[in-house]
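Asks: kindly return the folded structure for what I paste below:
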Amino acid sequence: MKLLTANESFDPVRSKAPLMLNMLIILIIIAAPLAAMIYVLMLEFSVPIGPMYWDTNIYFDAIHRINLGQLPSVDFNTPVGPLNYWLATLVHNHFPTGHPVLVIHWSQLLITAPLMLIISWMVSRRSLKLALGLLLPFLVFAAAPFGTVDFFPFPGIDGFGHYNRHGALLLYVTTASVFFIRNPFVQALLLALCGIALILGKITAFAAALIIVGFGFLAGLVAPFAILLALVLFGAALVGLEFQTGIITSYLTSILELAQSNQASLLPKFLTVFSQRLDVVFAAGLLILALFFSDAFGDRDRPEPTPVFKPYWHKFTDLVSHDYFALGFVLLAGIFYETQNTGSQAFIMLWPVILMILYFRSTPERLPNLFVLVLAMATVLPTFTKVTHKALRTIAVAPTYDSLEHKHLGILGNVSAKNVFLERVEPMKEYYTKSKWQLGKLSEHEVFPGSIIFSEPDFQILWYHLMDEAIQSIYDYEAENNVKFDTILTIDFTNPFPFLMNRNAPKHVQIGADSGRTLSEMSEDVSNSVQSADIILRPTCPILFSVEEIYQIYKPAIDVNHKRIRLNDCYNAYIKKAPPVVNTESAPSDNS
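Replies: Predicted coordinates:
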C-alpha cells in the first residue's frame with residue numbers, strides 16, 4: 001500500500017468530536033500520569049536493586065559536578081551527551097529526595113512530553129483514536145524504567161541503560177513526527193527539537209534518526225521546506241550553544257576519541273541484537289513480506305493518495321513510498337541503534353509505523369488482512385509485554401524485600417533486596433578480604449570472580465555497603481589526623497563519593513570509567529587533575545582486573561604526589577603528600 005502522506009488522507013471525515021474536547025482529553029491523559037510522577041518524586045522510598053545498578057551513580061557524579069559549575073564534555077568527560085545530565089540535574093534539584101532511577105528516567109519527559117502533546121493534538125484533529133494510539137504506548141514506556149532484556153532472573157529495577165531508553169523514546173517521537181505530521185512548520189519544529197535532543201543525548205540515536213528522516217524525505221513524507229527549516233533551527237541552536245559554552249566542539253571531539261577506541265567489528269553486535277530480539281526482528285521481517293505480497297496480489301483498485309510534494313526524483317519516490325519500505329527502514333534504524341546498546345526499550349519506534357499501516361489499511365467496512373494484523377501484534381506486543389511484566393513484577397515483590405541499611409549513602413542507598421542477597425554481604429566481604437591473593441591471580445588473567453558478577457544483586461548490594469563503610473573510614477581518618485580531603489577520585493567504574501560527601505570532584509577525568517571503552521591514555525589535563533586530588537580511593541573487595549586497568553592508566557600521575565595507606569579492609573587510599581590541614585599547629589607528619 002502506498003503511504004498516505006497528505007494531511008487530508010488521514011481520514012476522509014474530520015473527527016466529529018469538538019477540537020477543544022479532543023485537546024482536553026489529551027491534556028488530561030498526559031497531565032494525570034505527570035502529576036502522579038511528581039507526587040512519587042516527592043516521596044523517599046527503596047526499590048528492589050537490579051543488574052548493574054551502579055550505572056545510576058554516573059548520573060549523580062555528573063549532577064554534582066554540574067551543581068559545582070562544571071560543564072559536561074568541557075570540564076569532565078562523559079559516555080554520552082550533556083543533555084541527559086542537564087535534565088537529570090534539573091529534576092534532582094527540584095526533587096532532592098526523589099528516587100535516583102526515577103529522577104533520571106522521568107527527566108526525559110521534560111522534552112518528550114511537550115513534543116508528544118503537539119503530535120497528539122495535531123493527529124486528534126483527524127482522529128482522536130489514532131492520537132491515543134500514539135500517546136498511550138508512549139506514556140507506558142516513558143513511565144517504566146525497564147528495558148526489554150533480562151540480565152538476572154530475580155526482579156529489580158533497571159538502574160542501567162538510562163540514556164539508551166531515552167534515545168529510544170526520542171526515536172519514537174521522531175518516527176511519529178515523520179509519519180503523522182503533515183504541517184511543514186510543525187514538522188520542522190518537531191524534527192529540529194528531536195534532532196537537538198538526540199545529538200546532545202546519544203549520538204547513535206541521532207544516526208538512527210537520520211535513517212528514519214532520510215526515508216521520510218525520499219518517500220515524500222517530509223517536504224524539502226520542512227527539512228531546510230529543521231536544519232536551520234537545528235544548526236542555529238548548536239552554533240549558539242557552541243559560542244556560549246564551547247561544549248559542542250568538546251563533545252564531538254570526545255565522541256571521535258570514543259569511536260576510535262571502540263572499533264570492534266559490527267558483525268558480533270548485529271548478531272547480539274538478532275539473538276536478543278529475534279522475536280521482534282523475525283516478526284517484523286514477516287510483516288514486511290506480508291505487506292509486500294498483499295500489495296502485489298491484493299486489491300489493485302484502491303485509489304492512490306497524493307504525496308506532500310512531488311520532487312524531481314518522483315519516480316524514485318513512487319517506488320519507495322510503500323508501507324513495507326517504511327517499516328523496513330525504521331526496522332533498520334532500530335537494529336543499528338540496538339547494536340550500540342546494553343539495555344534499552346528496543347524497537348518501540350516501530351509502533352508509530354505499524355499503527356499507520358493498520359489505520360490506513362482499514363476501512364469502516366473491514367479490518368486489515370488477518371495475517372497482517374497477527375504479524376503486526378507479534379511485532380509490537382513482545383516489547384510492551386516485557387517492559388510491563390518487568391515493571392509489575394518488581395512492584396509486586398517490593399513490599400517483601402528488605403532495605404539496605406546505611407549511614408552515608410543518602411538517596412543512592414534507597415535500594416532493597418531479597419534476604420538471601422542481604423545475608424551474603426558479610427560472608428562475601430570476609431571471603432574477599434581473606435582471598436585477595438587468589439582474586440589477584442584471577443585479575444592477572446583478566447577474569448572476574450563471576451561471569452555475570454555486575455548483574456548479581458548481592459554484588460551490587462555489597463558494593464554499596466562497602467562504599468558506605470569507606471565514607472565512614474574517611475571521616476574517621478580526617479578526625480584522627482585533623483585533615484579534610486576536599487577533592488576525591490575513585491579508581492572504579494563510578495565515583496559517587498564527592499556527591500555523597502559534598503566534596504569536589506576532579507576536573508577532566510572520565511565519569512563511567514571503563515578501560516578500553518571510555519578510558520584510554522591520560523591527557524595532560526587529566527594527569528594534572530589526578531595529581532591534584534586530595535585522596536584517591538581504590539576498592540579491593542573483590543580485586544577486579546577492571547579496577548587494575550584503570551589504576552594502571554592513572555598510576556603515573558598517582559605516583560607523583562600521593563602515598564598509599566590502607567583505609568580499611570576493602571579500600572586502599574592514595575593520599576596527597578601535603579593534604580589540606582584543618583589545624584596547621586596539630587597537623588600530622590607525612591609518616592603518621
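Asks: can you show me the strands along this protein?
Replies: 47-48, 402-403, 415-417, 488-490, 535-539, 562-568, 571-576 (DSSP state E).
Asks: let me have those in CSV, adding mean neighbour count as columns.
Replies: From N, CA and C alone the C-beta is placed, and that goes for glycine too. Shown next, in CSV, are the strands of the chain (neighbours: other C-beta atoms under 10 Å):
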stretch, mean neighbour count
strand 47-48, 22
strand 402-403, 14
strand 415-417, 25
strand 488-490, 25
strand 535-539, 23
strand 562-568, 16
strand 571-576, 20
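Asks: adding distance to F206 and mean pLDDT, write those out as TSV.
Replies: Output for those, formatted as TSV (distance: least, C-beta to C-beta, whole Å; pLDDT from 0 to 100):
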stretch	distance to F206	mean pLDDT
strand 47-48	31	96
strand 402-403	39	95
strand 415-417	33	96
strand 488-490	31	96
strand 535-539	35	96
strand 562-568	40	94
strand 571-576	39	95
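Asks: which among these is found nearest to S529?
Replies: strand 488-490 (7.9 Å; C-beta to C-beta).
Asks: I'd say H322 and D295 touch.
Replies: Yes - under the contact definition of C-beta atoms under 8 Å, H322 touches D295, with a separation of 6.7 Å.
Asks: centroid-nearest residue for the protein?
Replies: For the chain, the residue nearest the mean C-alpha position is Y163 (1.4 Å; C-alpha atoms, centre = their mean).
Asks: roughly how far does it sit from A142?
Replies: Y163 sits 14 Å away from A142, going by C-beta to C-beta, to the nearest Å.
Asks: excluding chain neighbours, give the residue nearest to the residue nearest to the centre of the chain in space.
Replies: Once flanking residues are discounted, Y163 sits nearest to V80: 4.6 Å by C-beta to C-beta, 6 or more residues apart in numbering.
Asks: count the neighbours of the one you found for me.
Replies: Residues near V80, counting by other C-beta atoms under 10 Å, number 27.
Asks: so it makes contact with T204?
Replies: No - between V80 and T204 there is no contact under C-beta under 8 Å: 9.2 Å.
Asks: related to what we said a few turns ago, contacting residues for the residue nearest to Y163?
Replies: Contacts for V80 were tallied using C-beta atoms under 8 Å, 6 or more residues apart in numbering; they are Y163, G201, K202, I203.
Asks: what are the phi and psi angles of it?
Replies: The phi and psi values for V80, taken as degrees, to the nearest 10, are phi -140, psi -170.
Asks: related to what we said a few turns ago, between the contacts of V80, which is nearest P48?
Replies: Closest approach between the contacts of V80 and P48, by C-beta to C-beta: Y163, at 21.9 Å.
Asks: just the pLDDT at that closest one, thanks.
Replies: On pLDDT, Y163 comes in at 92.
Asks: and for the one 3 residues further on?
Replies: You'll see H166 listed with a pLDDT of 95.
Asks: grab the nearest non-local neighbour of it.
Replies: Q108 (4.5 Å).
Asks: distance of the one you found relative to L169?
Replies: 6 Å.
Asks: list residues touching both of the two?
Replies: Counting by C-beta under 8 Å, 6+ apart, the contacts common to Q108 and L169 are A142.
Asks: so what are the domain limits for the protein?
Replies: The chain breaks down into these domains under automatic domain parsing: 7-11+53-394, 457-586.
Asks: can you redo the ones you listed as TSV with distance to V447?
Replies: Formatted as TSV, the domains of the chain follow (distance: least, C-beta to C-beta, whole Å):
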stretch	distance to V447
domain 7-11+53-394	19
domain 457-586	7
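Asks: among those domains, which is nearest V425?
Replies: Evaluated with C-beta to C-beta, the domains of the chain place domain 457-586 nearest to V425, the distance being 5.2 Å.
Asks: which stretches in the stretch 151-300 of the chain count as helices?
Replies: All helices of the stretch 151-300 of the chain, identified by DSSP state H, counting those that start in this stretch, fall at 162-180, 184-199, 203-218, 224-245, 247-260, 266-276, 278-297.
Asks: just the ones you listed: most buried one?
Replies: Comparing those by mean neighbour count (mean count of other C-beta atoms under 10 Å), helix 162-180 ranks first with a mean of 28.
Asks: so what's the residue nearest to H166 up against?
Replies: Neighbour list for Q108: N84, L87, A142, R165, H166, L169, L170 [criterion: C-beta under 8 Å, 6+ apart].
Asks: greatest separation within these: which pair is it?
Replies: Longest distance between any two of these is 14.7 Å, between N84 and A142; criterion C-beta to C-beta.
Asks: what sits against V47?
Replies: Applying C-beta under 8 Å, 6+ apart to V47 gives the contacts H99, V101, G156, I157, T394, A398, N414, V415, S416.
Asks: and the longest helix along the chain, what does it pack onto?
Replies: Assignment by DSSP state H gives helix 370-397 as the longest helix of the chain. On a contact count with 3 or more C-beta pairs under 8 Å, 6 or more residues apart in numbering; DSSP states H and E, helix 370-397 meets strand 47-48, helix 128-143, helix 278-297, helix 350-360.
Asks: what's the closest of the ones you listed to I25?
Replies: Evaluated over those, closeness to I25 peaks at helix 128-143, with 6.7 Å, by C-beta to C-beta.
Asks: ok so, going back, and the residue nearest to Y163, how close does it get to M522?
Replies: 21 Å.
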